[in-house]
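> Below are the sequence and a predicted model for it; my questions follow.
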Amino acid sequence: MIRVKKPEQAPRKLRDKAPAARAAVCASYRGARASIQRGAATLDFEVAVYAHPAVKTALETAHHGKCCYCESKVKHVAHGDVEHYRPKAAVQQARTAPIERPGYYWLAYAWENLLFSCVLCNEKHKRNLFPLRDPRKRARSARARLAAEAPLLVHPAQEDPEQIIGFRDEYAYPIEGNPRAEATIDEVLQLNQRQPLLERRREHLAIIRAMQVIAGQPDIDPAERARARAWLDRSVADDAEYAAMTRAALRSHSPRRDASRLAR
């Protein structure tokens, strides 16, 4: 997971449509509060507003076509999801905890709450999970102060995940035992429990290692070494798949000084 640099201003389609959509969903909640809280009724969200093609394209571009959480390239295998950092319909403190309703319905159309993710991270693993350090401080309405919350899930568009989430080979780990990193890795996203993802990371690391060998061997053709170094340079760019893992690998395993410079 790396820092995502979203545009400060939401796309015009979202700016134009979000206020009315937000007002409508807030009114719907006020009119059926008890039924929604016990799960007898649900809120209807306007997907055409928060996931409008212009909104989704802006998010996809800002995320370099990668999932904001696992850093897998999305578009070559799926369409990708517009992800709500704070879940809109319901929320869970832990995977085994009961589902609480409503979620953060008033943030369904908030630009700062929208990210781009793969289907697996969004719909299979994260789902309604949004643990807080103290669940008693959870915001329950549009009037509540979000600043009073202390979310455990790392927000890749509002902080630098690489400061608290590291990698040892293909496995993510919490730097200095950071509890937010631990919750993000293990409880919410299960980044080290998904075998297809781990296998993809291993394959990527094998290529990295091979390129490092080529780049650092003086008896290999200089043009080949230059191509390997160029490939390694690209592999740590923000738009590269698994950039955080690659940067960590180069920092810890670069056998040659000219390769280790790539991890800076």
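Nice, I can see it.
> Verify the contact between N128 and G103 for me.
Yes - N128 lies in contact with G103 (CB atoms under 8 Å); the separation is 6.8 Å. (Glycine included, C-beta is placed from N, CA and C.)
> Could you name every residue contacting both of those two?
Here N128 and G103 share the contacting residues 87, 89-91, scored by CB atoms under 8 Å, 6 or more residues apart in numbering.
> List the contacts of A18.
So A18 contacts 10, 49-50, 109-111 (CB under 8 Å, 6+ apart).
> What residues sit buried inside whichever strand or helix holds it?
Using DSSP states H and E, A18 sits within helix 12-31. Using 16 or more other CB atoms under 10 Å as the burial criterion, the residues of helix 12-31 that qualify are 13-14, 17-18, 21-22, 24-26, 28-29.
> quick one: buried residues of the next helix or strand after that helix?
Once helix 12-31 ends, the next helix or strand along the chain (criterion: DSSP H and E) is helix 33-37. By neighbour count on 16+ other CB under 10 Å, the buried set for helix 33-37 is I36.
> Can you name the residues in contact with helix 33-37?
So helix 33-37 is contacted by 29, 41-43, 101-102 (CB under 8 Å, 6+ apart).
> State the mean pLDDT of it.
Average pLDDT, helix 33-37: 96.
> what helices or strands is the next helix or strand after that helix leaning on?
Sequence order places helix 47-50 as the next helix or strand after helix 33-37, per DSSP H and E. With contacts taken as 3 or more CB pairs under 8 Å, 6 or more residues apart in numbering; DSSP states H and E, helix 47-50 sits against helix 12-31.
> shaky segments in the stretch 151-264 of the chain?
Along the stretch 151-264 of the chain, the model assigns pLDDT under 70 to residues 254-264.
> Show me where it has its helices.
In the stretch 151-264 of the chain, the helices defined using DSSP state H, counting those that start in this stretch lie at 179-182, 195-216, 222-235, 243-253, 257-260.
> tell me what the third one is packed against?
Right, helix 222-235. Using 3+ CB pairs under 8 Å, 6+ apart, the elements in contact with helix 222-235 are helix 195-216, helix 243-253, helix 257-260.
> same question, the first one
Helices and strands touching helix 179-182, as assessed by 3+ CB pairs under 8 Å, 6+ apart, comprise strand 171-174.
> what about the strand it packs on, distance to the chain center?
Computed by CA atoms, centre = their mean, to the nearest Å, the chain-centroid distance of strand 171-174 equals 15 Å.
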